[in-house]
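Student: dropping the sequence and predicted coords here.
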Amino acid sequence: MQNITFDTITEAVINHGDRGKSHPRLYEIYTSLVRHLHDFAREVNLTEPELQQGRNFLNQASHHTQEIPTGEIHLLTDLLGISELVELLHDAHRSTESNLEGPLYVPNAPERQMGNRLGIDTEGDSLFLSGRVLDLNGQPIANALIDIWQPNSKGLYDVQEPSQPLGNFRGRFKTNKSGKYMFETVVPLGYKVPSSGPCGELLGLLGRHPWRAAHIHFKLSAPEYTPLTTQIFIAGDPHLDSDTTFAVRSAIVQLQKHEALDELKAHNQSKPFHTTEFDFVLKPATL
């Protein structure tokens, strides 16, 4: 491989190896990525200082920070819309829409019973959320596992705020024989993605805001069904049309406010509270 030129370098890189004999799918992805990266460098006439700036950015994004101990690469793919694009590419459209897991999921959340409160937040407005888990024919799925996590009424997750106990506003519930689930929580607040690191600096340079619309995360699983990860958003949030991860789709719930004294008493509440419902649909693992 000699006399490399502007016109031959891309093919030289692609053909350097066994051309996918060992790992065909990896080679398919690698080949396309190299072509796009080389075309990008040609299109913008990339300079050496700009390339070095890009290297420095990726290096910084891979380092852990206090806000994101695992580094900002996951956040970067969210902010570039790549994470949501992958969800859209593979969404079945017949079941509930899938959506981003995000970087703040923690496995093995506390197991909770039907109707339990999800977390402690004395200043938050209570929200009673219920619904069912169904199959594609509308039949209930019993004993489906629902793993839930959300920020509190200030827009902070337990792993971001030391004053919250670990596992606050996280929990795993199981549906009953009617496929029903129900829990008490607080109305979550939208929040800024971590912005003290390189991704936050990039957003600032591009004139982009760091806000996410208020939402609640769900992971659902049941034997013989395809697992689902999704989010539901709260209607009325000011960032529904400009969520910085581009994750807002059709799963938006309206909250109903309750203020009548008899309703407060029935729900053991001392101030107005909200209710809403959302049904999830899972598709069979065989589809």
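Tutor: Ah, there it is.
Student: determine which residue lies closest to the centroid of the chain.
Tutor: Taking CA atoms, centre = their mean, the centroid of the chain lies closest to L100, which sits 2.8 Å from it.
Student: could you check the pLDDT of it?
Tutor: Per-residue pLDDT puts L100 at 89.
Student: what do you get for L33?
Tutor: pLDDT at L33 comes out at 98.
Student: show me the contacts for it.
Tutor: By CB atoms under 8 Å, 6 or more residues apart in numbering, L33 lies in contact with nothing. From N, CA and C alone the C-beta is placed, and that goes for glycine too.
Student: return the distance of it relative to T10.
Tutor: Per CB to CB, to the nearest Å, L33 is found 11 Å from T10.
Student: repeat for L156
Tutor: Counting by CB to CB, the gap from L156 to T10 is 46 Å.
Student: so where's this structure shaky on pLDDT?
Tutor: 92-93 (pLDDT under 70).
Student: can you pull out the helices in it?
Tutor: Along the chain, the segments classed as helices by DSSP state H run 9-14, 24-44, 48-62, 73-79, 82-90, 198-205, 261-266.
Student: which residues touch the closest residue to G17 other than its chain neighbours?
Tutor: Leaving aside its chain neighbours, G17 sits nearest to Y27 (7.6 Å; criterion: CB to CB, 6 or more residues apart in numbering). Residues near Y27 by CB under 8 Å, 6+ apart: 17, 19-20.
Student: and the residues you listed as JSON lines, adding distance to I4 and neighbour count?
Tutor: JSON lines is the format used below for the contacts of Y27 (distance: CB to CB, whole Å; neighbours: other CB atoms under 10 Å):
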{"residue": "G17", "distance to I4": "16", "neighbour count": "12"}
{"residue": "R19", "distance to I4": "18", "neighbour count": "11"}
{"residue": "G20", "distance to I4": "22", "neighbour count": "14"}
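Student: quick one on the thing from earlier: could you say which of the helices of the chain is packed most deeply?
Tutor: helix 73-79 (a mean of 20; mean count of other CB atoms under 10 Å).
Student: pull the distance from it to the chain's centre.
Tutor: 11 Å (CA atoms, centre = their mean, to the nearest Å).
Student: quick check, Q160 in contact with E67.
Tutor: Yes: because the distance of 7.1 Å satisfies CB atoms under 8 Å, Q160 is recorded as touching E67.
Student: quick check: beta-bridge partners of W149?
Tutor: Judged by DSSP bridges, the bridge partners of W149 are R170, H217.
Student: shouldn't it be in contact with Y157?
Tutor: Yes: taking CB under 8 Å as the definition, W149 is a contact partner of Y157 at 7.2 Å.
Student: who's more crowded, those two?
Tutor: The neighbour comparison of W149 against Y157 (other CB atoms under 10 Å) goes to W149, with 25 against 21.
Student: residue contacts, the more buried one?
Tutor: Taking CB under 8 Å, 6+ apart, we find W149 in contact with 104-106, 109, 157, 169-170, 216-217.
Student: ok, it to I68 distance?
Tutor: 16 Å.
Student: kindly report the same for E111.
Tutor: 27 Å.
Student: now do S126
Tutor: Distance from S126 to I68, by CB to CB: 30 Å.
Student: ok so, going back, any chance of the helices of the chain in TSV, with distance to T245 too?
Tutor: Below are the helices of the chain laid out as TSV (distance: least, CB to CB, whole Å):
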stretch	distance to T245
helix 9-14	32
helix 24-44	22
helix 48-62	16
helix 73-79	4
helix 82-90	7
helix 198-205	11
helix 261-266	36
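Student: and the gap between the nearest residue in space to Q254 that is not next to it in sequence and A213?
Tutor: Closest residue in space to Q254, ignoring its immediate chain neighbours: A235 at 4.7 Å, by CB to CB, 6+ apart. The spacing between A235 and A213, counted by CB to CB, is 10 Å.
Student: ok, those two, which is more surrounded?
Tutor: Per other CB under 10 Å, whichever of A235 and A213 has more neighbours is A213, with 24 against 12.
Student: what are the buried residues along stretch 124-140?
Tutor: Residues of stretch 124-140 classed as buried under the neighbour-count rule (16 or more other CB atoms under 10 Å) are 124-135, 140.
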